[in-house]
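Engineer: I'd like to go over a predicted model; first the sequence, then the structure.
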Amino acid sequence: VESLAQLERALAGTHVNFWAPMRPVAAADLPLGLVRPQSVELERDVAGFRGLPGDRTGLRWHASHEWVYFDDMRPGDIMLFRTDAVFHAALAFAGHEGQSAARWSVDGRVFLQGEPPSEALPSAESGPEPADSRTF
């Protein structure tokens, strides 16, 4: 995404999840992982969550899934991703069993209705880029 206006247009009319740590999250602390959408085959991999009829939010494990996570997230960082396209889960890494601290984070889901007016958010030119801006 090249500008905030492009991000507004790309996300308008969709559900978006946000996740933010309230204290630093290391690999041992069960960081939030995301599955690259292109590595998921919907018919093979998607299932209902805990058997809920009609639900499509569960994901069956498959070796082709490409998981990503961001190291060392800190308070003030936020992860934003489309709910309809990206599966997510807490990741437990081998070798870190029993080492994790209780993860303290905030997450939620919002629906972005329609196309927001261009003045709703500041333009990309109005301030410096964040030190680490990654789009998934």
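Structural biologist: Perfect, thanks for sending it.
Engineer: Please count neighbours and contacts with C-alpha atoms only from this point.
Structural biologist: OK.
Engineer: Quick check: residue 45 vs residue 23, distance?
Structural biologist: Using CA to CA, to the nearest Å, we find residue 45 at a distance of 33 Å from residue 23.
Engineer: ditto for residue 32
Structural biologist: 13 Å.
Engineer: Settle it for me: which of these two has more neighbours?
Structural biologist: residue 32 (24 against 14; other CA atoms under 10 Å).
Engineer: Dead centre of the protein: give me the residue that sits there.
Structural biologist: The chain has residue 81 as the residue nearest its centroid, 4.1 Å off, counting by CA atoms, centre = their mean.
Engineer: any idea which element residue 108 lies in?
Structural biologist: Secondary structure from DSSP states H and E places residue 108 in strand 105-112.
Engineer: so what strands line up beside that strand?
Structural biologist: Sheet pairing of strand 105-112 (DSSP bridges) gives strand 14-21 (antiparallel).
Engineer: Contacts made by the strand it pairs with with the rest, please.
Structural biologist: Contacts with strand 14-21, where a contact means CA atoms under 8 Å, 6 or more residues apart in numbering, come from 73-84, 103-113.
Engineer: where exactly do the helices run in the chain?
Structural biologist: In the chain, the helices defined using DSSP state H lie at 4-11, 42-45.
Engineer: Any idea how many residues pack against the residue lying closest to residue 80 once chain neighbours are set aside?
Structural biologist: Closest residue to residue 80 apart from its sequence neighbours, by CA to CA, 6 or more residues apart in numbering: residue 18 at 4.5 Å. Applying other CA under 10 Å, we find 15 residues neighbouring residue 18.
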